[in-house]
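Undergrad: coords please:
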Amino acid sequence: MKYLLTTILFLSIFCTINAQVEDCPTCPCIIELGDKYSQKRKYADAIDMYNAATACDINLKDEADQKIKNVFKRIEKERDDAIAAEKRAIKAEEKAKQSLIAEQKAKEKAKAALVKAQTAKQKAKQSLIAEEEALKQTKISEQKAIQQKKIAEEQRQIAKEKTENLQDVLDALYFYEDSLALAPKGRKFGFINKKGKVLIDYKYDEALRFDYRGYAKVKRNGKDYLIDTKGIEYRWTDDIKKLNESIRAFYYEIRLLGRRKKLYKILKNKQICILLLKGSKIRQLPSEIGQLSNLQELDLSYNKLPSLPAEIGQLSSLQTLNLSYNNLSSLPAEFGQLSNLQTLDLWNNNLSSLPVEFGQLSNLQTLHLWNNNFSKAEKQKIKKLLPNCDIRFNQSN
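TA: A predicted model of the protein is given here:
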């Protein structure tokens, strides 16, 4: 698993940080570069540098992981400081309000003293003294009110700056589909939205951010899971030897399956819901694929498949299917039996037509077909077969 995680991490960040680490002759230098970004409060860049250091030298993983945790602690502290500043501002405003009330009461007392002085000549001296005292208290109250108002404004400005700083930090984090970002709390990890609201609870000992498919790799109580954006957990492995009835996701990407018996062993696990075999150099898909009645997502992209068995139509639970970058020239009519299919990728193949049975795919929402051999007439035919589907014949549209 460590090898796979390191490889995926290196590939995902290589393009964005390559220019930044060119001046670093050693892997520890990347750690130092991450420290500089952290000091400048460029936390997203700092996290990328620490992850890059781990990808560069696995021996730096513990140091890099600790520094990533320190970055998130700083983020949490800034958020807590912003909340505390907001509370102080509210308290200061309340004091200012009380001072204004006291000022009003003092003015009312002064007015009463003036009336009393006018109507009670025999007590003129005492009334004048009372009037002067009331005016004095009024002035003191006004000064206090001005001071409290100034303090309230200062606290409000501090709170505003803290809030803006927190928003800058949140903006710098990676949010899957603009809604989910990895966040730590103590020694646990969860996922938050852009408002800082927890959407998936802090219960994981280890976690990676969501990938382009909408899955995040996490670990809890020593067990590996894939979780989707709703927080549904799937026990997963990338080791054929560890396949058993508890495993619901098999993640075996960019790795040669070798002998066909390995693929047959995988297909015996009927409980699998997610099967990801991208770039495994598969040349023939066995008919046993039809046994996976619980399969919800299947990725066979970047293989060498010239055709598909009719049994693929038996995958009644399938919702997402990726067959891009193969050598497919035709598809079996049994495709029309995939009644729950919602997303289908067929780009970069040799297809010139689709079976009329595609018209039975009433739940299909997205169909990608660019870089095939469809004529204009065939494209019109496909659009008529699937009038409610988002069909893309060009990558740009």
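
Undergrad: Give the full set of residues in contact with the residue nearest to Cys56 when sequence neighbours are not counted.
TA: Distances taken as C-beta to C-beta, 6 or more residues apart in numbering place Cys27 nearest to Cys56, at 3.9 Å, with adjacent residues excluded. All C-beta atoms are positioned from the backbone trio N, CA, C, and that covers glycine. Residues counted as contacts of Cys27 (C-beta atoms under 8 Å, 6 or more residues apart in numbering) are Ala53, Cys56, Asp57, Leu60.

Undergrad: Need the pLDDT of Cys27.
TA: Per-residue confidence (pLDDT) for Cys27: 90.

Undergrad: same thing with Ile382?
TA: You'll see Ile382 listed with a pLDDT of 96.

Undergrad: Dihedrals phi and psi, it?
TA: Ile382 adopts backbone torsions of phi -60, psi -40, taken as degrees, to the nearest 10.

Undergrad: Ile272 now?
TA: Phi and psi for Ile272, reported as degrees, to the nearest 10, are phi -60, psi 130.

Undergrad: Likewise for Leu100?
TA: phi -60, psi -40.

Undergrad: Leaving out sequence neighbours, find the closest residue to it.
TA: Counting by C-beta to C-beta, 6+ apart, Leu100 lies nearest to Ala145, which is 5.2 Å off, once chain neighbours are set aside.

Undergrad: which stretches of the stretch 1-150 of the chain form helices?
TA: 2-21, 27-39, 43-56, 61-119, 124-172 (DSSP state H, counting those that start in this stretch).

Undergrad: Ile282 is nearest to which of those helices?
TA: helix 2-21 (18.2 Å; C-beta to C-beta).

Undergrad: what does the average pLDDT come to for the closest one?
TA: Mean per-residue pLDDT for helix 2-21: 42.

Undergrad: same check, this time on stretch 246-262
TA: So the average pLDDT for stretch 246-262 ends up being 79.

Undergrad: What is the end-to-end distance of it?
TA: End-to-end span of stretch 246-262 (C-alpha to C-alpha, to the nearest Å): 19 Å.

Undergrad: And stretch 122-138, what's buried?
TA: Within stretch 122-138, the residues that count as buried by 16 or more other C-beta atoms under 10 Å are Ser127, Ala130, Glu131, Ala134, Leu135, Gln137, Thr138.

Undergrad: cool, and stretch 327-346?
TA: 328, 331-332, 334-338, 341-346.

Undergrad: before we move on, what about stretch 291-298?
TA: Neighbour counts over stretch 291-298 (16+ other C-beta under 10 Å) mark Gln291, Leu292, Asn294, Leu295, Gln296, Glu297, Leu298 as buried.

Undergrad: Contacts for that stretch next, please.
TA: By C-beta under 8 Å, 6+ apart, stretch 291-298 touches 213, 248, 267-276, 314-322.

Undergrad: picking up where we left off before, tabulate the buried residues of stretch 122-138 (JSON lines), appending pLDDT and distance to Thr366.
TA: Formatted as JSON lines, these follow (pLDDT from 0 to 100; distance: C-beta to C-beta, whole Å):
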{"residue": "Ser127", "pLDDT": "66", "distance to Thr366": "87"}
{"residue": "Ala130", "pLDDT": "75", "distance to Thr366": "83"}
{"residue": "Glu131", "pLDDT": "74", "distance to Thr366": "82"}
{"residue": "Ala134", "pLDDT": "74", "distance to Thr366": "77"}
{"residue": "Leu135", "pLDDT": "77", "distance to Thr366": "77"}
{"residue": "Gln137", "pLDDT": "82", "distance to Thr366": "74"}
{"residue": "Thr138", "pLDDT": "75", "distance to Thr366": "72"}
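
Undergrad: who's in contact with Lys188?
TA: Tyr202, Lys203, Tyr204, Asp205.

Undergrad: Please apply the same query to Thr237.
TA: Met1, Asp224, Leu243, Ile247, Ala249, Phe250, Tyr251.

Undergrad: what about Gln39, how many neighbours?
TA: By other C-beta atoms under 10 Å, the residues close to Gln39 number 9.

Undergrad: where does it land on pLDDT?
TA: For Gln39, the model assigns a pLDDT of 89.

Undergrad: before we move on, the earlier item: narrow the contacts of Thr237 to just the buried residues.
TA: Buried members of the contacts of Thr237, counted by 16+ other C-beta under 10 Å: Asp224, Leu243, Ile247, Ala249, Phe250, Tyr251.

Undergrad: Compute the distance between the first one and Gly186, please.
TA: This points to Asp224. The spacing between Asp224 and Gly186, counted by C-beta to C-beta, to the nearest Å, is 21 Å.
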